[in-house]
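**Q** Give me the fold of what follows.
(chains A and B)
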Amino acid sequence: DAKTTQPPSMDCAEGRAANLPCNHSTISGNEYVYWYRQIHSQGPQYIIHGLKNNETNEMASLIITEDRKSSTLILPHATLRDTAVYYCIVRGMGNDMRFGAGTRLTVKP
Amino acid sequence: NAGVTQTPKFRVLKTGQSMTLLCAQDMNHEYMYWYRQDPGMGLRLIHYSVGEGTTAKGEVPDGYNVSRLKKQNFLLGLESAAPSQTSVYFCASSYHGSSGANVLTFGAGSRLTVL
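**A** Down below sits the predicted model:
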(Lines give C-alpha, C1' and ligand atoms only; values in the text may rest on other atoms or scores of the structure.)
Protein backbone atom coordinates (compact mmCIF):
# COMPACT_ATOMS: atom_id res chain seq x y z
CA ASP A 1 0.00 0.00 0.00
CA ALA A 2 1.13 3.51 -0.76
CA LYS A 3 2.32 5.50 2.24
CA THR A 4 1.19 9.06 2.78
CA THR A 5 3.00 12.10 4.13
CA GLN A 6 1.10 15.00 5.70
CA PRO A 7 2.30 18.05 7.63
CA PRO A 8 1.68 17.56 11.36
CA SER A 9 -0.16 20.84 11.79
CA MET A 10 -1.59 23.82 9.92
CA ASP A 11 -3.44 27.01 10.77
CA CYS A 12 -6.14 28.73 8.77
CA ALA A 13 -8.09 31.94 9.25
CA GLU A 14 -11.83 31.62 9.64
CA GLY A 15 -13.63 32.24 6.36
CA ARG A 16 -10.57 31.53 4.25
CA ALA A 17 -9.89 28.39 2.24
CA ALA A 18 -7.97 25.64 4.01
CA ASN A 19 -5.67 23.67 1.71
CA LEU A 20 -4.37 20.46 3.23
CA PRO A 21 -1.64 18.66 1.26
CA CYS A 22 -0.87 14.96 1.10
CA ASN A 23 2.03 13.27 -0.64
CA HIS A 24 1.59 9.70 -1.88
CA SER A 25 4.43 9.26 -4.36
CA THR A 26 4.21 5.43 -4.38
CA ILE A 27 0.51 5.27 -5.21
CA SER A 28 -0.46 2.60 -7.71
CA GLY A 29 -3.06 2.77 -10.44
CA ASN A 30 -5.94 1.15 -8.60
CA GLU A 31 -5.51 2.93 -5.28
CA TYR A 32 -7.99 5.53 -4.09
CA VAL A 33 -7.21 8.64 -2.06
CA TYR A 34 -9.53 9.05 0.94
CA TRP A 35 -9.87 11.89 3.40
CA TYR A 36 -11.36 11.63 6.86
CA ARG A 37 -11.38 14.01 9.77
CA GLN A 38 -11.65 13.59 13.53
CA ILE A 39 -13.09 16.40 15.58
CA HIS A 40 -11.76 16.33 19.14
CA SER A 41 -12.27 12.78 20.43
CA GLN A 42 -15.21 11.83 18.24
CA GLY A 43 -15.18 8.98 15.75
CA PRO A 44 -13.56 9.88 12.41
CA GLN A 45 -15.86 11.25 9.73
CA TYR A 46 -15.59 10.51 6.03
CA ILE A 47 -15.07 13.59 3.87
CA ILE A 48 -14.31 12.64 0.28
CA HIS A 49 -12.42 10.22 -1.93
CA GLY A 50 -11.09 10.11 -5.48
CA LEU A 51 -9.18 7.95 -7.93
CA LYS A 52 -7.91 10.14 -10.76
CA ASN A 53 -10.30 13.02 -11.27
CA ASN A 54 -10.88 15.96 -8.99
CA GLU A 55 -13.92 15.55 -6.80
CA THR A 56 -16.25 17.93 -4.99
CA ASN A 57 -19.04 17.39 -2.51
CA GLU A 58 -20.88 19.50 0.03
CA MET A 59 -18.00 19.34 2.48
CA ALA A 60 -14.86 19.77 0.42
CA SER A 61 -12.97 19.48 -2.86
CA LEU A 62 -10.23 17.00 -3.63
CA ILE A 63 -7.57 17.94 -6.14
CA ILE A 64 -5.35 15.09 -7.36
CA THR A 65 -2.29 15.90 -9.43
CA GLU A 66 -2.07 14.44 -12.90
CA ASP A 67 0.70 12.01 -11.88
CA ARG A 68 -1.40 11.13 -8.78
CA LYS A 69 1.62 11.49 -6.50
CA SER A 70 0.00 14.13 -4.35
CA SER A 71 -3.38 15.59 -3.53
CA THR A 72 -4.91 18.54 -1.76
CA LEU A 73 -8.07 18.68 0.31
CA ILE A 74 -9.74 22.07 0.10
CA LEU A 75 -12.25 23.38 2.62
CA PRO A 76 -13.48 26.45 0.73
CA HIS A 77 -14.64 28.59 3.66
CA ALA A 78 -13.20 27.22 6.88
CA THR A 79 -15.16 27.70 10.10
CA LEU A 80 -14.15 27.16 13.71
CA ARG A 81 -16.05 23.86 13.57
CA ASP A 82 -13.57 22.60 10.95
CA THR A 83 -10.81 22.48 13.57
CA ALA A 84 -9.87 18.79 13.56
CA VAL A 85 -7.26 16.22 12.63
CA TYR A 86 -7.44 15.41 8.92
CA TYR A 87 -6.29 12.01 7.67
CA CYS A 88 -5.24 11.22 4.11
CA ILE A 89 -5.35 7.50 3.29
CA VAL A 90 -4.38 5.70 0.13
CA ARG A 91 -5.85 2.25 -0.33
CA GLY A 92 -6.67 -0.08 -3.16
CA MET A 93 -9.14 -2.91 -3.26
CA GLY A 94 -7.92 -4.32 0.04
CA ASN A 95 -10.00 -4.13 3.14
CA ASP A 96 -7.67 -2.95 5.90
CA MET A 97 -7.89 0.84 6.04
CA ARG A 98 -4.91 2.20 7.97
CA PHE A 99 -4.68 5.71 9.34
CA GLY A 100 -1.48 7.70 9.80
CA ALA A 101 -0.91 10.62 12.15
CA GLY A 102 -2.82 13.14 10.04
CA THR A 103 -2.69 16.96 9.98
CA ARG A 104 -4.04 18.94 12.90
CA LEU A 105 -5.89 21.90 11.36
CA THR A 106 -6.63 24.83 13.64
CA VAL A 107 -9.06 27.43 12.32
CA LYS A 108 -8.52 30.75 14.03
CA PRO A 109 -10.98 33.64 14.38
CA ASN B 1 -30.84 4.31 11.33
CA ALA B 2 -28.51 4.24 14.32
CA GLY B 3 -25.41 3.66 12.17
CA VAL B 4 -22.60 2.14 14.22
CA THR B 5 -23.22 1.66 17.93
CA GLN B 6 -20.52 0.74 20.45
CA THR B 7 -21.17 -0.72 23.89
CA PRO B 8 -20.06 0.19 26.54
CA LYS B 9 -18.94 3.80 26.12
CA PHE B 10 -16.73 3.72 29.21
CA ARG B 11 -15.19 0.91 31.22
CA VAL B 12 -12.57 0.61 33.94
CA LEU B 13 -10.84 -2.74 34.37
CA LYS B 14 -8.23 -4.13 36.68
CA THR B 15 -5.14 -5.77 35.23
CA GLY B 16 -5.90 -9.37 34.31
CA GLN B 17 -9.65 -8.95 33.98
CA SER B 18 -11.43 -9.81 30.77
CA MET B 19 -14.09 -7.94 28.87
CA THR B 20 -15.83 -7.69 25.52
CA LEU B 21 -16.62 -4.60 23.48
CA LEU B 22 -19.65 -4.87 21.23
CA CYS B 23 -20.04 -3.12 17.90
CA ALA B 24 -23.38 -3.20 16.10
CA GLN B 25 -24.27 -1.74 12.71
CA ASP B 26 -27.64 -1.54 11.01
CA MET B 27 -26.47 -0.60 7.51
CA ASN B 28 -26.04 -4.17 6.23
CA HIS B 29 -22.33 -3.50 5.71
CA GLU B 30 -20.09 -6.42 4.88
CA TYR B 31 -16.91 -5.08 6.43
CA MET B 32 -16.23 -4.20 10.04
CA TYR B 33 -13.14 -2.92 11.84
CA TRP B 34 -11.74 -2.33 15.31
CA TYR B 35 -9.20 0.46 15.88
CA ARG B 36 -7.50 1.80 18.95
CA GLN B 37 -6.37 5.36 19.50
CA ASP B 38 -3.88 6.32 22.19
CA PRO B 39 -3.64 9.94 23.41
CA GLY B 40 -2.23 12.25 20.75
CA MET B 41 -1.88 9.42 18.23
CA GLY B 42 -3.64 8.34 15.09
CA LEU B 43 -5.84 5.27 14.78
CA ARG B 44 -4.26 1.83 14.61
CA LEU B 45 -6.09 -1.14 13.14
CA ILE B 46 -6.48 -4.09 15.53
CA HIS B 47 -8.62 -6.60 13.62
CA TYR B 48 -11.12 -6.48 10.82
CA SER B 49 -13.72 -8.68 9.17
CA VAL B 50 -14.77 -8.94 5.54
CA GLY B 51 -17.92 -10.89 6.26
CA GLU B 52 -19.87 -13.03 8.71
CA GLY B 53 -17.67 -15.74 10.16
CA THR B 54 -14.38 -14.23 8.94
CA THR B 55 -11.76 -12.16 10.74
CA ALA B 56 -8.25 -10.93 9.97
CA LYS B 57 -5.39 -9.31 11.86
CA GLY B 58 -4.54 -5.65 11.49
CA GLU B 59 -1.50 -3.68 12.67
CA VAL B 60 -1.73 -4.35 16.42
CA PRO B 61 -3.67 -7.60 17.01
CA ASP B 62 -1.75 -8.98 20.01
CA GLY B 63 -3.77 -9.25 23.21
CA TYR B 64 -7.11 -9.05 21.42
CA ASN B 65 -9.55 -11.54 19.93
CA VAL B 66 -12.55 -10.88 17.73
CA SER B 67 -15.62 -12.68 16.49
CA ARG B 68 -18.18 -11.98 13.77
CA LEU B 69 -20.92 -14.53 14.35
CA LYS B 70 -23.60 -12.25 12.93
CA LYS B 71 -23.21 -9.84 10.05
CA GLN B 72 -24.36 -6.88 12.10
CA ASN B 73 -22.11 -7.48 15.12
CA PHE B 74 -18.34 -7.43 15.62
CA LEU B 75 -17.01 -8.25 19.09
CA LEU B 76 -13.60 -7.28 20.44
CA GLY B 77 -12.37 -9.29 23.43
CA LEU B 78 -9.58 -8.70 25.90
CA GLU B 79 -8.82 -11.98 27.68
CA SER B 80 -6.37 -10.56 30.23
CA ALA B 81 -6.35 -6.78 30.24
CA ALA B 82 -3.05 -4.90 30.63
CA PRO B 83 -2.43 -1.20 31.36
CA SER B 84 -0.97 -0.87 27.85
CA GLN B 85 -4.46 -1.54 26.51
CA THR B 86 -5.78 1.67 28.05
CA SER B 87 -7.08 3.48 25.00
CA VAL B 88 -10.11 4.67 23.10
CA TYR B 89 -11.50 1.96 20.84
CA PHE B 90 -13.35 2.78 17.65
CA CYS B 91 -15.43 0.44 15.57
CA ALA B 92 -16.23 1.08 11.93
CA SER B 93 -18.17 -0.60 9.15
CA SER B 94 -18.06 -0.20 5.41
CA TYR B 95 -19.15 -1.47 2.06
CA HIS B 96 -17.33 -1.59 -1.22
CA GLY B 97 -19.17 0.51 -3.77
CA SER B 98 -19.49 -0.59 -7.35
CA SER B 99 -16.44 1.54 -8.14
CA GLY B 100 -14.36 -0.39 -5.60
CA ALA B 101 -14.10 2.47 -3.12
CA ASN B 102 -14.33 1.62 0.59
CA VAL B 103 -16.02 4.27 2.76
CA LEU B 104 -16.01 3.76 6.53
CA THR B 105 -18.65 4.81 9.05
CA PHE B 106 -17.37 5.05 12.60
CA GLY B 107 -18.93 4.62 16.01
CA ALA B 108 -18.55 7.16 18.82
CA GLY B 109 -15.82 5.21 20.59
CA SER B 110 -15.37 3.22 23.80
CA ARG B 111 -12.97 4.56 26.40
CA LEU B 112 -11.22 1.75 28.28
CA THR B 113 -8.98 2.25 31.30
CA VAL B 114 -6.95 -0.63 32.72
CA LEU B 115 -5.59 -0.05 36.21
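**Q** residue of chain A with the smallest distance to chain B?
**A** In chain A, the residue that lies nearest chain B is residue A:43 (3.3 Å; Cβ to the nearest Cβ). The way it works is simple: take the backbone N, C-alpha and C, and place the C-beta from them, glycine included.
**Q** Next to chain B, which bits of chain A? Give me the list.
**A** Within chain A, the positions near chain B by Cβ under 8 Å from any Cβ of the partner chain are A:30, A:32, A:34, A:36, A:41-46, A:49, A:51, A:85, A:87, A:91, A:93, A:95-102.
**Q** Check the contact between residue A:41 and residue B:88; I expect there is one.
**A** Yes: contact criterion Cβ atoms under 8 Å: residue A:41 and residue B:88 qualify, at 6.7 Å.
**Q** what do these two both touch?
**A** residue B:109 (Cβ atoms under 8 Å, 6 or more residues apart in numbering or on different chains).
**Q** Which positions are bridged to the residue of chain B found nearest chain A in the beta structure?
**A** Nearest residue of chain B to chain A: residue B:106, at 3.3 Å (Cβ to the nearest Cβ). Residue B:106 has the following beta-bridge partners by DSSP bridges: residue B:92.
**Q** Equivalent analysis for residue B:12, please.
**A** Here residue B:12, judged by DSSP bridges, has bridge partners residue B:113.
**Q** And the one 10 residues further on, by the same measure?
**A** Residues in a beta bridge with residue B:22, per DSSP bridges, are residue B:7, residue B:75.
**Q** Please name the residues that touch it.
**A** Neighbour list for residue B:22: B:6, B:7, B:73, B:75 [criterion: Cβ under 8 Å, 6+ apart].
**Q** if I've got this straight, the residue of chain A closest to chain B is in a helix?
**A** No: looking at residue A:43 with DSSP: H, G, I helix; E, B strand; the rest coil, it is coil, so not inside a helix.
**Q** what's the first-to-last distance across stretch A:16-35?
**A** Chord length of stretch A:16-35, first to last residue, is 20 Å (Cα to Cα, to the nearest Å).
**Q** Oops, could you answer that again for stretch B:96-112 instead?
**A** 30 Å.
**Q** Just the buried positions in it, please.
**A** Residues of stretch B:96-112 classed as buried: B:101, B:102, B:103, B:104, B:105, B:106, B:107, B:109, B:110, B:112 (neighbour count, 16 or more other Cβ atoms under 10 Å in any protein chain shown).
**Q** what does stretch A:11-22 give?
**A** By neighbour count with 16+ other Cβ under 10 Å, stretch A:11-22 contains the buried residues A:12, A:18, A:20, A:22.
**Q** where's the residue lying closest to residue B:3 once chain neighbours are set aside relative to residue B:27, distance?
**A** Leaving out its chain neighbours, the residue that sits closest to residue B:3 by Cβ to Cβ, 6 or more residues apart in numbering or on different chains is residue B:105, at 5.8 Å. Distance from residue B:105 to residue B:27, counting by Cβ to Cβ, to the nearest Å: 7 Å.
**Q** Alright, I will stop here.
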